[in-house]
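A.B. asks: below: sequence and its predicted model.
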Amino acid sequence: MEHALAIKDLKFSYGSNKILNIPDFQMSRGENVFLFGSSGSGKSTLLELIAGILKTQSGELNVLGEKLHEKNAVQLDHFRAQNVGYIFQSFNLIPYLSVIENIKLPLMFLKHVDTAQTEKLLNHLVDSLELKKYIHRRVTDLSVGQQQRVAVARALLKRPKLILADEPTSALDYNHREKFLQLLFQVCEEIETSVLFVSHDRTIEKLFHRSVGLDSINTIQHTPEVIL
Amino acid sequence: MRLFSLMAVVLGFVFQASAQHHGKSHVHGAGKMSIAFEGLAGKVTLESPSESIFGFEHVAKKESDKKKQTAALEKLEKSISEMVVFDPKLECIFKKESIQVNTEGKHSDVDASFAVACKVDPVGSTITFNIQKVFGKLTDVDVQILFGDIQKSVEATKNGIAVELKK
Amino acid sequence: MSWIHLAWKSLKNRKLATILTIFAMMLSLVLLMSVERIRRAAEAGFTQSVSGVDLIVGARSGSLQIVLYTIFNLGQATNNVSIESYNEIKSRPDVEWTIPYSLGDGHKGFRVIATNSDFFKYYQFRSKERITFQAGGPWNGMFDVVLGADVAERLGYQMGSEIVVSHGSTTGQGIQEHDDKKFRVAGILKATGTQLDRALYISLEGMEAIHLDWQTGSAPTPDKQLSINQITAEMVQPKNITSFFLRTKNRIQTLKLQRDINEFRSEPLLAVIPGVVLSELWQSLSTVEKVLKAISFLVMVVGLMSMLIALMTSLNERRREMAILRVLGASLKHIVGLIVLETFVLASVAIFAASLIKLTLEWMLGPWLQVKYGLYLQQPSFSIVEVSYILLMLVLALLMSLIPALGAMKSALKDGLSVRT
């Protein structure tokens, strides 16, 4: 079976500041992987590379069978629009759009949209994420948990094969985190989507298929930032 | 209209002051031209200080002066269609009516009058003035234009000045 | 959801800045278009007050002076034209018609023009429009008066109203009144939108009659006053006029006639082609026009600058928004496009509002401008000049929006997904 993610000798640096050197890392399709690492360990850089926001510098980066290291910026944008769902830590939503407008936003960047299917999935997502009541509300009127659920719906509406999540639960308390993740996994399973979840908080790692420390796959070691 | 009138009056004086030297006085280099048309037929008149046409204003007695004068007046007759240029599509032809040198005291003027006949009505076309191409010393010609009900003026101070024949 | 919709919502989210920006842009456009409109109206006022007149003849003075006092009631004639000269020129075979004008008296700020019935017959304005009456008709008697539309409206006169003419004054209250010989309104002209509306018209004989008993420019003592029934037809034959309009049968003859009049033997006269003089005037007024336009363009620059500032200041707040759009698949081109599109929406709203305001202003102030300043707002409302202002503003706005757009692109590139706000 094809990999959702396959990395070989991926190196990345900002000028002389080396960030990543990952000799080998893989993720299967349908797998939920928890990737932990402290702040400044290069998690965000890795996610931006996988999302195609950053261009690779050397090495191979295969995502969903596509060679991102061979694509130009336009192709990367297109790849991202088509295949990757992304959930931020917070401030996920465009504040001046309603819930439904936020959820439908990614469709603007797609070339072809199957309207009937999308509408079906939308109803399903809205139902299972318990957003029905808020659909025409302003997103700023929602609680943090509700906002994160909107972000999930938005990330999944285009049926991406890969979800990248950058500590989306950090603003939630433990009970809510668990509930949120269960909901995420349930929906992802239904549409056969892999999840790569990065966080520094390991209290939830047991909920994933697999947990990996970034330090264990990245040969460049970062001294952890002092958190005051 | 008061505010506007005030502006007009103030500027009118400015204009009047600047226009003073265009008056009756004889200024070398300053000429007057009139162009009038009725349908296909027209008339062009030019009044210019003799100095600007053939270089002197005394009565030509010397043979060389006479020659100079005759040559310049011939040039004027021949070149009027290059000085006042109608659109070639109109097929306008100039014909001399009269060219005279009038001497009054120390000054002398050249008064020329041409008949113009066009095959197409010039209204709507453009006239271009290239007076200085022919007479380089005639640097400021006030032209008044009368084409049916179109009345305009233009100062032909350099080659290529054009005026559109429309309201 | 369309891109326009997204741009609109984003603008709405920054309501205050958006409204202020639109307001500034709109204001500059309204100003620019208004200056142009008034300029056009003023030019029309000058060039359209009289038409079909080949020559205006008066005593020799400045050529502009003759046109200004004859047509626009500005300044005064220094000398008169004798009736003999007038008749001599009038009877030449190449003259089609003439209209004599005798000026000098006024009525409550409006001037009184003495003329003859040829005025009603031949006078043309704008493009060959003729004088028509809204009430009554030309005079029948010596003491009949015809009113311009503005005079009747502003002073509230009607048919049959009695009017006292003031001596030697066309502005304000006259010092000496011809109150022993009153005029009766016999006709009121239709509004023309030209200087014609702001004058009273009497016959040359009427003008002569009210000055009959005057000695060297001052009112007669009561014992020397002539009563109306003492006046005979011979007594009121005009002896001179101020100026006259003239139409030749053929334009080519106009040149010859003009020359002959300028070299008239019995008295010094000046004949000018009105359109020629006015076009000279416009050439010198074009400086003023340029200054007004320069000011208007500065206002446009200010409007565009305020747009630029509003967009630039919003950029920092919107970095997060851009990151979200990026992650959803927006390319850098999309980010640039979105900001340019927002500007397009801003400018379009400003243009729409400006056009609406301009039309409303014209509709509301048009009649007032016409009455008060004699500015007649010509059709069409949007000339090629207004349209090019609109396009210029739009193009400049779009070009300027590239600055914040490229800025947004740069910071989106730099920020990636990790904007911490």
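C.D. replies: Done, it's in.

A.B. asks: least confident secondary structure element in chain A?
C.D. replies: Least confident helix or strand, chain A: helix A:174-190 with a mean of 83, by mean pLDDT, DSSP states H and E.

A.B. asks: from the chain's centroid, how far away is whichever helix or strand comes after it?
C.D. replies: Following helix A:174-190 in sequence order, the next helix or strand is strand A:194-199 (DSSP states H and E). From the chain centre to the centre of strand A:194-199 is a distance of 6 Å (CA atoms, centre = their mean, to the nearest Å).

A.B. asks: state which helix of chain C is the longest.
C.D. replies: helix C:274-317 (DSSP state H).

A.B. asks: how far does that one sit from its chain's centre?
C.D. replies: Distance of helix C:274-317 from the chain centroid (CA atoms, centre = their mean) equals 20 Å.

A.B. asks: show residues contacting stretch B:68-87.
C.D. replies: Stretch B:68-87 has contacts (CB atoms under 8 Å, 6 or more residues apart in numbering or on different chains) with B:33, B:35, B:44, B:46, B:53-56, B:60, B:92-94, B:96, B:99, B:101, B:110, B:112, B:114, B:116, B:118, B:122, B:125-131, B:133-135. Quick note: C-beta positions are derived from backbone N, CA and C, even for glycine.

A.B. asks: try it again at 6 Å.
C.D. replies: Applying CB atoms under 6 Å, 6 or more residues apart in numbering or on different chains, the contact partners of stretch B:68-87 are B:44, B:53-54, B:60, B:92, B:94, B:96, B:99, B:112, B:114, B:125, B:127-128, B:130-131, B:134.

A.B. asks: spatially nearest residue to C:S61, not counting backbone neighbours?
C.D. replies: What sits nearest to C:S61 in space, not counting adjacent residues and going by CB to CB, 6 or more residues apart in numbering or on different chains, is C:T78, at 5.4 Å.

A.B. asks: and that neighbour, what element?
C.D. replies: Short version, using DSSP H and E: C:T78 is in no helix or strand.

A.B. asks: ok, now C:P367?
C.D. replies: helix C:332-373.

A.B. asks: elements contacting that helix?
C.D. replies: Packing contacts for helix C:332-373, counted by 3 or more CB pairs under 6 Å, 6 or more residues apart in numbering or on different chains; DSSP states H and E, involve helix C:3-13, helix C:15-48, helix C:384-415.

A.B. asks: output the shortest one as CSV, nothing but the C-alphas.
C.D. replies: Coordinates of each C-alpha in helix C:3-13 appear next as CSV, following Å, rounded to 0.1, in the frame of the first residue of the first chain:
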residue,chain,number,x,y,z
TRP,C,3,-14.2,36.3,-4.7
ILE,C,4,-16.2,39.5,-5.0
HIS,C,5,-18.3,38.3,-2.0
LEU,C,6,-15.2,37.6,0.0
ALA,C,7,-13.7,41.0,-0.9
TRP,C,8,-16.9,42.7,0.0
LYS,C,9,-17.2,40.9,3.4
SER,C,10,-13.6,41.7,4.2
LEU,C,11,-14.2,45.4,3.4
LYS,C,12,-17.4,45.3,5.5
ASN,C,13,-15.4,43.9,8.4
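
A.B. asks: near chain C, which residues of chain A show up?
C.D. replies: Listed as neighbours of chain C in chain A under the rule CB under 6 Å from any CB of the partner chain: A:44, A:48, A:53, A:77, A:80-81, A:86, A:91, A:94, A:96, A:101, A:105-106, A:109.

A.B. asks: so which of the residues you listed sits lowest on pLDDT?
C.D. replies: Least confident entry in these, by pLDDT: A:F91, with 71.

A.B. asks: how about the helices in the chain?
C.D. replies: Assuming you mean chain A. For chain A, the helices defined by DSSP H occupy A:43-51, A:73-83, A:99-104, A:115-128, A:144-156, A:174-190, A:214-217.

A.B. asks: not what I meant, chain B
C.D. replies: Remark: helices assigned in chain B by DSSP H are B:2-19, B:50-54, B:63-83, B:131-134.

A.B. asks: out of the residues of chain A next to chain C, give me the two with the largest separation.
C.D. replies: Pairwise distances across the residues of chain A next to chain C peak at 26.9 Å for A:S44 and A:E101 (criterion: CB to CB).

A.B. asks: before we move on, back to that, off-centre distance for the helix holding C:P367?
C.D. replies: Here the centre of helix C:332-373 is set off from its chain's centre by 24 Å, with CA atoms, centre = their mean.

A.B. asks: try stretch C:269-284
C.D. replies: 17 Å.

A.B. asks: so for that stretch, what gets flagged as buried?
C.D. replies: Neighbour counts using 16 or more other CB atoms under 10 Å in any protein chain shown place C:269-282, C:284 of stretch C:269-284 among the buried residues.

A.B. asks: what bridges to the residue in chain B that chain C sits nearest to?
C.D. replies: For chain B, the residue closest to chain C is B:Q151, as judged by CB to the nearest CB, at 2.2 Å. Per DSSP bridges, the residues bridged to B:Q151 are B:L146.

A.B. asks: that one and C:A350: what is the separation?
C.D. replies: B:Q151 sits 40 Å away from C:A350, taking CB to CB, to the nearest Å as the criterion.

A.B. asks: confirm C:I188 sits in a strand?
C.D. replies: Yes - judged by DSSP: H, G, I helix; E, B strand; the rest coil, C:I188 forms part of a strand.

A.B. asks: ok, it - contacts?
C.D. replies: By CB under 6 Å, 6+ apart, the residues touching C:I188 are C:134-135, C:147, C:152.

A.B. asks: what do you get if the cut-off is 10 Å, keeping everything else the same?
C.D. replies: Listed by CB atoms under 10 Å, 6 or more residues apart in numbering or on different chains, the contact set of C:I188 reads C:133-137, C:145-149, C:151-153, C:157-159, C:161.

A.B. asks: what's across from it in the sheet?
C.D. replies: C:A135, C:L147.

A.B. asks: neighbours around residue 167, how many?
C.D. replies: Just going to use chain A. The local packing of A:E167 (other CB atoms under 10 Å in any protein chain shown) involves 18 other residues.

A.B. asks: was after chain B, sorry
C.D. replies: Residues within reach of B:K167, counting by other CB under 10 Å, total 15.

A.B. asks: now it. Nearest residue, chain neighbours left out?
C.D. replies: B:I150 (5.7 Å).

A.B. asks: surely that neighbour touches B:Q144?
C.D. replies: No - with contacts counted by CB atoms under 10 Å, B:I150 stays clear of B:Q144, the gap being 11.3 Å.

A.B. asks: joint contacts of the two?
C.D. replies: Each of C:G275 lies in contact with both B:I150 and B:Q144 under the rule CB under 10 Å, 6+ apart.

A.B. asks: neighbour count: those two, which is higher?
C.D. replies: A count of neighbours by other CB under 10 Å puts B:Q144 above the other of B:I150 and B:Q144, at 24 against 18.

A.B. asks: hang on, the more buried one packs against B:M33?
C.D. replies: Yes - B:Q144 lies in contact with B:M33 (CB under 10 Å); the separation is 7.4 Å.

A.B. asks: what is in contact with these two at once?
C.D. replies: Residues touching both B:Q144 and B:M33 by CB under 10 Å, 6+ apart: B:45, B:154.

A.B. asks: center of chain B - which residue?
C.D. replies: B:M33 (2.6 Å; CA atoms, centre = their mean).

A.B. asks: how about that one, what does it touch?
C.D. replies: By CB under 10 Å, 6+ apart, the residues touching B:M33 are B:44-48, B:83-84, B:112, B:129, B:131, B:138, B:141-145, B:154, B:156.
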